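*Asks:* Kindly return the folded structure for what I paste below:
(chains A, B, C, D, E and F)
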Protein chains: 6
Amino acid sequence: MKVWLTMSSSGPTPPFTTLSISHPKESITHVELHRPEKRNAMNKAFWSEMVDCFNQISGDPDCRVVVVSGAGKIFTAGIDLMDMASDVLQPEGDDTARISWNMRKIITKYQETFTVIERTPTSSHILNHISLSYSGALHIVKCLSFMPSQEVDIGLAADVGTLQRLPKVIGSRSLVNELALTARRMYADEAKSSGLVSRVFADKEAMMAGALEMAGEIAGRSPVAVQGTKVNLIYSRDHSVAEGLDYMATWNMAMLQTQDVMKSAQASMEKKSPKTVAFSKL
Amino acid sequence: MKVWLTMSSSGPTPPFTTLSISHPKESITHVELHRPEKRNAMNKAFWSEMVDCFNQISGDPDCRVVVVSGAGKIFTAGIDLMDMASDVLQPEGDDTARISWNMRKIITKYQETFTVIERTPTSSHILNHISLSYSGALHIVKCLSFMPSQEVDIGLAADVGTLQRLPKVIGSRSLVNELALTARRMYADEAKSSGLVSRVFADKEAMMAGALEMAGEIAGRSPVAVQGTKVNLIYSRDHSVAEGLDYMATWNMAMLQTQDVMKSAQASMEKKSPKTVAFSKL
Amino acid sequence: MKVWLTMSSSGPTPPFTTLSISHPKESITHVELHRPEKRNAMNKAFWSEMVDCFNQISGDPDCRVVVVSGAGKIFTAGIDLMDMASDVLQPEGDDTARISWNMRKIITKYQETFTVIERTPTSSHILNHISLSYSGALHIVKCLSFMPSQEVDIGLAADVGTLQRLPKVIGSRSLVNELALTARRMYADEAKSSGLVSRVFADKEAMMAGALEMAGEIAGRSPVAVQGTKVNLIYSRDHSVAEGLDYMATWNMAMLQTQDVMKSAQASMEKKSPKTVAFSKL
Amino acid sequence: MKVWLTMSSSGPTPPFTTLSISHPKESITHVELHRPEKRNAMNKAFWSEMVDCFNQISGDPDCRVVVVSGAGKIFTAGIDLMDMASDVLQPEGDDTARISWNMRKIITKYQETFTVIERTPTSSHILNHISLSYSGALHIVKCLSFMPSQEVDIGLAADVGTLQRLPKVIGSRSLVNELALTARRMYADEAKSSGLVSRVFADKEAMMAGALEMAGEIAGRSPVAVQGTKVNLIYSRDHSVAEGLDYMATWNMAMLQTQDVMKSAQASMEKKSPKTVAFSKL
Amino acid sequence: MKVWLTMSSSGPTPPFTTLSISHPKESITHVELHRPEKRNAMNKAFWSEMVDCFNQISGDPDCRVVVVSGAGKIFTAGIDLMDMASDVLQPEGDDTARISWNMRKIITKYQETFTVIERTPTSSHILNHISLSYSGALHIVKCLSFMPSQEVDIGLAADVGTLQRLPKVIGSRSLVNELALTARRMYADEAKSSGLVSRVFADKEAMMAGALEMAGEIAGRSPVAVQGTKVNLIYSRDHSVAEGLDYMATWNMAMLQTQDVMKSAQASMEKKSPKTVAFSKL
Amino acid sequence: MKVWLTMSSSGPTPPFTTLSISHPKESITHVELHRPEKRNAMNKAFWSEMVDCFNQISGDPDCRVVVVSGAGKIFTAGIDLMDMASDVLQPEGDDTARISWNMRKIITKYQETFTVIERTPTSSHILNHISLSYSGALHIVKCLSFMPSQEVDIGLAADVGTLQRLPKVIGSRSLVNELALTARRMYADEAKSSGLVSRVFADKEAMMAGALEMAGEIAGRSPVAVQGTKVNLIYSRDHSVAEGLDYMATWNMAMLQTQDVMKSAQASMEKKSPKTVAFSKL
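*Replies:* Residues are numbered from 1 along each chain as shown, chains lettered A, B, ... in the order given. This next block holds a predicted model:
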């Protein structure tokens, strides 16, 4: 199948060494974690490359949706401890405060890797064949292991955002606590019923096809509306309803002046699908 | 059935042109969006009338519970684009800032339409036979279309509160993102399992009966307790637990002095239902 | 079964009169509400004893996990109205402000009873055989009654934290509203499907065994990681994602320097379970 | 002096009974508290009239600046206790909770009287010949009494906003505490040196002239810039710097597209005063 | 002078070893830091005793105002390094995370020492003869050294609240930054002009007399009004204006029902000073 | 004078075109806005270069203090309108939403220019010979014009942070409002008395000497303490006191373990100045 071939890259895309970038469809970018021999474990290069990659995507008006997945059978084995060892296990220096100062810089840099996905105005979707949703809608083939487990298992909780985002992704606090404290595995059924993921697929091929279809749905809509939706959904998560409404009103006082409203209204009256409308790039 | 007749009005209640107001039971007010021929689409008159209507309800000590539903088959088709066209599609003037300033006033006014439901101390329940819960408990017959879809379809995200409230109504962030970005339809089963609605009924008649029954349950309790619960639930949604506790303590230092506590305690000891107690109006 | 005997105490542990404290396993403390003849209703002594008890636990490096349950068939019947009557039903004095001032002190003291569970760094788990999760993971045998009901029934909403915490424990706002306003009972199935509890057991014995097993899982991990997880999960609940990340980075700049990271990493490389590692007390 | 005559009205402006409204200069509205025989004490009519008055001003594109002062020698003697007596001193009913519920509605209504000044996008300035700045710049002739004193003196602290705004108007917390707790009088010198007021005048006539001059300065500038400044200054007071910057960027993405920028830039290059530019109404 | 003798104690008041407690006037408590031979440096005993002392004061209805000062020439030399050495300079253990965990408990305990002053509903005033205002109004004889200097000088910034409260006590951010970063001394004139203190006295005797006079002013007023003012001033400092107003309305819905309002109003109408009114204890 | 020569550069430091970087003393970096012929107006290059410059400084352990000033007679004339014209005055495209989207990116980038000064852990000081303090302590020769005036004059309020930071730098809200709304000039005396600046000098040479002296004071102290002070002062500005205290405790649980505490304590006991201690780089 063509799409599948497009999405299953043969290696990283230079200058990246851990990411493979492709464009399976118009307006859609596919970012694949690509160190399958290491189960896509996140090494030092990865932290920087994700930020660089998403900064490029942020500035690319041709990209409306990003799909993130992992090469091979699992999304990621988590932090690459071997690679991190010199930074975290054997930090330089002998003054605790100075080691701490440096450690905080490293953690902040690691956190940035996933925060950049939120900050990018482009709609982004993480396809976990293992499991964790950081912020976007996501799809699952089968759950092999639950990511936070690695972190608690090694006494770490280095946390690049799990403890901060998980409670805002899953509704059940009881379940969040249990997962975070016991680091037990979670399988596809529970991931779906708990709301961690919004769809489950039979295998990876089906998942990739489903992801592209959904990405196509989104890419076909007005980019003014889609990006505004992303910005305001994230804003609302972190603010009161009153603050979210005020921000939305201020946002839309400009954005509602777009020609896309007229185009959409016209299509709607003519009973045409919004996908038949040609929206300009953002 | 008498109740049903009462609730199925033959037309708007003057001076309203889009709302039909009735009192199906003691202490219960029924507000029905009443433009069935337009599928209750929200036009200019509607925005003002909802605010006027709820301001009256706020000042009415005889009303303890409000039920909101739509006349005919669906709750509302969403914003009435034809009616809004002159305001939003063809705004007057040629200076972007001045158009924006005016647009912000309009959006703020539209938002007020639903915020007023929250601000009213009276317990309020929206009965969607299509779908969206803005804030209260709600019931569903069957889902025909998902409201936000209209908004994204027309490139709009005008948003009168969906993006702000939906993430605080549904626990699953993945699902919220998917719904908001793809504007796909959602049916009764998913609405129930996702927690968007708390009950599903077989048809509208059953829904109205169920709604009245629940409204009766609430209307029979101490209005001091019920209104205090509403105020504090909304406060808690937008504040930390510590702030919510502080507010509750300050609220109850007065409210616990009500005679309703004694009346309820007495009923409880006599093994009587609280519904047998006659509580004064608030 | 030995464990069961250990956990089923014959009476309160002096100096407590409402709590029975035991140590069913290494590093695990069991706090049992112990007034079974009063269905563990919370009386004046209880409010103080819970705070004293958890303050002791906070200072006990040998305790890594606390399990909270109720003696007999139910967790608690709620506030002991008879006992509270003199404080709340017939307060002294005739000046409303002075009564209010005093009432606020009492409410704040009552709230502290449950807040202390959160503030204790030790991982804490409430086992409800009726139902309500205040903050931790919890397990259910069968639901007889839903605690908030008592409060609304007596016109009270005294609220020692339910309205503040429930909306952050259950994802569905519709359900939270319905439960809080109607005070209807909720049974085990709905408690599980709504995410209020993370597991349901067939009977109390199974629940206690399951709770101890989970407590054992947690007690076997690095206490640095477990306590850090608890502190940061609670912090995240009440802050934006950005604030949670900043706090986590500041927390971990010190905590990642623990020897537990190295110990865990080594076990991980040797394919050993983290439970085989001996972690020092905190 | 013509201006002075214009501003010293002979009586309230119908339908108002406590306010006199005039237009001393183009784009400037003068709102005068007008019950000089009662030292402009705030009675029941006043609370409603201020809100009505500012709602009208908000919708009046011809008004760019509002000046608020008091007829006669002082700004206001504070709350009119005689008039409030039936509401506050002898409330109806005998259930504390129900009296409290009603009292809260009254207080909220009173607070609205001053909040409406902030919410009005029009730049507003309170001229106190006694003293208190609620939000805007203000000017002083001589301080006879300090307003909060009345409130503490009568054991009240009813507070229509003093305790909330004063600490954000005066930099010195020590002084705020002393004033609020002792209710001592404050004179012009201290009001100026403490930053409560930004200018002091020799007498009322000079103050009115100075106020009109400053109002003229503001009215001559771009209303897009002036109103944006007011909205964002108030937003910044209540938010972190990061949030204020985000809001400003979202505000200005529309507002910077105004033609006023070009007009102002041109005037600036031609070394003309911005006051020579004719800016359209907002 | 009698008052002076009363306030200049000959030694600590048992069971305290660092505090001398006296009652120079009705309803006024004087808490004196009493280790003059160590320039009132804050040792381990002090941290606990302050908390115990203020907890007692909180529960004492006879105390309406607290005055805090230091025995001898200066208020306090700051943290007693010698006494803290074993805790902070040579902490036990060799795991950084465990030392950090313990260190955080100590810091939190030290912070509590000053936070307790804010939490006590009783109006509290710190008399610094050196300088720093933690929260209340304060008075200065002469400034010998500025407290934060000690902290930066020893590379510490242990900070028991200076960096958190100073920016909210002094209006000028430039000055706060300069003081905090250079740790330079500040003298009485600058302390007064910058708003750090609200009054300056010629010598300690004058300061104590002035403090008692102000305390007497406050103690003579309605305790309902005074304590409500303190609670709401502190609330306002940490919240937006809108939140502060909401809290005030909820507070006063109960508190305005006090008989003190009527008593005060009557005195006001009879042109009597509020000090002539006998207000009941809180 | 040597220092002066060092600080008065002859041109920009490559690769910068608008900034001149020098190191007048050990551990001190001097960043000079260097387009004196344009009165250091901020052009496009400037926005990027400031961010690059401070990012470098953030990673430079040899730099402990940064001094920022302007070449020639004034600090900066503000935004370089000529240079910005193509971006802001004549933006590309004809869809308002798309122009707005792009405009927001530009504004955010401009804001970053000053936010980066705050984010840099290094202590930073802006020397304005005109006037505005963005965040640090600052010094003034004489005030020629007040920066915000430019912005309001051109109908802009583009605002790169003035409206957000000014109210948190100056205590008097009245003055802030007057300055922001009238854009009037402010001179050295008022800048000092209002707290906008903490010191005033007779001429630029004295200012530069004074700045270097203060920078030297700070550079001589423990960098652990100084950087911790900066981070926590900025955190406190934007959070409640309780949150600030919690953050400080978490910060210092690591930072108090520094050897600098012992070194400083020893110096203090030996009555030596902290400047005689050799502290390691951070």
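
*Asks:* and the helix or strand A:Ile106 falls within, anywhere near chain F?
*Replies:* Element membership for A:Ile106 (DSSP states H and E) is helix A:96-119. Yes. Using CB under 8 Å from any CB of the partner chain, helix A:96-119 reaches chain F at A:96-98, A:100-101. (Glycine included, C-beta is placed from N, CA and C.)

*Asks:* Helices of the stretch 51-200 of chain A, start to end?
*Replies:* For the stretch 51-200 of chain A, helices defined by DSSP state H, counting those that start in this stretch occupy the ranges A:81-84, A:96-119, A:147-153, A:162-169, A:173-182, A:188-193.

*Asks:* closest one to D:Met262 among the ones you listed?
*Replies:* Closest of the helices of the stretch 51-200 of chain A to D:Met262 is helix A:96-119, at 32.1 Å (criterion: CB to CB).

*Asks:* how about that closest one, does it reach chain E?
*Replies:* Yes. For helix A:96-119, a contact with chain E is found by CB under 8 Å from any CB, at A:Thr96.

*Asks:* Can you check the pLDDT for the residue of the stretch 51-200 of chain A at minimum distance from chain E?
*Replies:* Chain E sits closest to A:Thr96 of the stretch 51-200 of chain A, with a gap of 5.6 Å, by CB to the nearest CB. We have a pLDDT of 90 for A:Thr96.

*Asks:* Mind listing what's buried along the helix holding A:Ile106?
*Replies:* Residues of helix A:96-119 classed as buried by neighbour count (16 or more other CB atoms under 10 Å in any protein chain shown): A:96-118.

*Asks:* Does it reach chain C?
*Replies:* Yes. Interface with chain C: helix A:96-119 contributes A:96, A:99-101, A:103-104, A:107-108, A:111, A:115, A:118 (CB under 8 Å from any CB).

*Asks:* how about these in a markdown table, adding distance to chain B?
*Replies:* Output for these, formatted as a markdown table (distance: CB to the nearest CB, whole Å):
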| residue | distance to chain B |
| --- | --- |
| A:Thr96 | 31 |
| A:Ile99 | 32 |
| A:Ser100 | 27 |
| A:Trp101 | 29 |
| A:Met103 | 28 |
| A:Arg104 | 24 |
| A:Ile107 | 24 |
| A:Thr108 | 24 |
| A:Gln111 | 18 |
| A:Thr115 | 16 |
| A:Glu118 | 11 |
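
*Asks:* Now those in CSV, please, with extra columns for distance to D:Thr76.
*Replies:* As requested, these are exported to CSV (distance: CB to CB, whole Å):
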residue, distance to D:Thr76
A:Thr96, 60
A:Ile99, 61
A:Ser100, 56
A:Trp101, 55
A:Met103, 58
A:Arg104, 53
A:Ile107, 55
A:Thr108, 52
A:Gln111, 53
A:Thr115, 51
A:Glu118, 50
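
*Asks:* Okay, A:Ala202 and chain B: tell me how far apart.
*Replies:* 19 Å (CB to the nearest CB, to the nearest Å).

*Asks:* swap in A:Ala219?
*Replies:* 10 Å.

*Asks:* what do you get for A:Met269?
*Replies:* Applying CB to the nearest CB, the value for A:Met269 to chain B is 8 Å.

*Asks:* who's in contact with the residue lying closest to that residue once chain neighbours are set aside?
*Replies:* Leaving aside its sequence neighbours, A:Met269 sits nearest to B:Leu81 (CB to CB, 6 or more residues apart in numbering or on different chains; 7.9 Å). B:Leu81 makes contact with A:265, A:268-269, B:89, B:154, according to CB atoms under 8 Å, 6 or more residues apart in numbering or on different chains.

*Asks:* mind giving me a markdown table with those and columns for neighbour count, distance to E:Met253 and pLDDT?
*Replies:* Conversion of the contacts of B:Leu81 to a markdown table gives the following (neighbours: other CB atoms under 10 Å in any protein chain shown; distance: CB to CB, whole Å; pLDDT from 0 to 100):
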| residue | neighbour count | distance to E:Met253 | pLDDT |
| --- | --- | --- | --- |
| A:Ala265 | 20 | 48 | 77 |
| A:Ser268 | 17 | 49 | 73 |
| A:Met269 | 11 | 52 | 76 |
| B:Leu89 | 17 | 46 | 71 |
| B:Ile154 | 29 | 45 | 39 |
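
*Asks:* Nearest to chain C among those residues?
*Replies:* B:Ile154 (26.9 Å).

*Asks:* A:Thr229 and B:Leu179 touch, don't they?
*Replies:* No. Using CB atoms under 8 Å as the test, A:Thr229 is too far from B:Leu179 to be in contact (10.3 Å).

*Asks:* Look at the residue of the stretch 101-250 of chain A found nearest chain B and report its pLDDT.
*Replies:* For the stretch 101-250 of chain A, the residue closest to chain B is A:Gly171, as judged by CB to the nearest CB, at 1.6 Å. Listed pLDDT for A:Gly171 reads 78.

*Asks:* Neighbours of it, how many?
*Replies:* 28 (other CB atoms under 10 Å in any protein chain shown).

*Asks:* List phi and psi for it.
*Replies:* phi -70, psi -30 (degrees, to the nearest 10).

*Asks:* Distance of it relative to C:Ser193?
*Replies:* 11 Å (CB to CB, to the nearest Å).

*Asks:* Burial check on the closest residue to the residue of the stretch 51-200 of chain A closest to chain E other than its chain neighbours, number of neighbours?
*Replies:* Distances taken as CB to CB, 6+ apart place F:Gln257 nearest to A:Thr96, at 3.7 Å, with adjacent residues excluded. Counted with other CB under 10 Å, the neighbours of F:Gln257 add up to 24.

*Asks:* Tell me which residues touch F:Gln257, please.
*Replies:* F:Gln257 touches A:96-97, A:100, C:254, E:91, E:96, E:99-100, E:103, counting by CB under 8 Å, 6+ apart.

*Asks:* again, 7 Å this time
*Replies:* A:96-97, E:96, E:99 (CB atoms under 7 Å, 6 or more residues apart in numbering or on different chains).

*Asks:* ok, now A:Asp95?
*Replies:* Here A:Asp95 is in contact with F:258-259, F:280 (CB under 7 Å, 6+ apart).

*Asks:* please redo it, this time with the cut-off set to 8 Å
*Replies:* A:Asp95 neighbours (CB under 8 Å, 6+ apart): F:258-260, F:280.

*Asks:* where in chain A is pLDDT low?
*Replies:* Where chain A drops to pLDDT under 70, the residues are A:1-9, A:123-160, A:185-187.

*Asks:* Give me every residue in chain A lying close to chain F.
*Replies:* Checking chain A against chain F by CB under 8 Å from any CB, the hits are A:95-98, A:100-101, A:224, A:227, A:254-260, A:280-282.

*Asks:* which phi and psi does the residue sitting furthest away from the middle of chain A have?
*Replies:* For chain A, the C-alpha farthest from the mean C-alpha position belongs to A:Asp94; by CA atoms, centre = their mean, that distance is 37.5 Å. Backbone geometry at A:Asp94, expressed as degrees, to the nearest 10, gives phi -130, psi 10.

*Asks:* Likewise for A:Lys25?
*Replies:* phi -150, psi 160.

*Asks:* I figured it hits A:Ala215, correct?
*Replies:* Yes. With contacts counted by CB under 8 Å, A:Lys25 reaches A:Ala215, the gap being 7.2 Å.

*Asks:* more neighbours, the two?
*Replies:* When neighbours are counted by other CB under 10 Å, A:Lys25 and A:Ala215 differ, and A:Ala215 comes out ahead with 25 against 18.

*Asks:* Would you mind measuring from that one to A:Glu26?
*Replies:* Going from A:Ala215 to A:Glu26 by CB to CB gives 11 Å.
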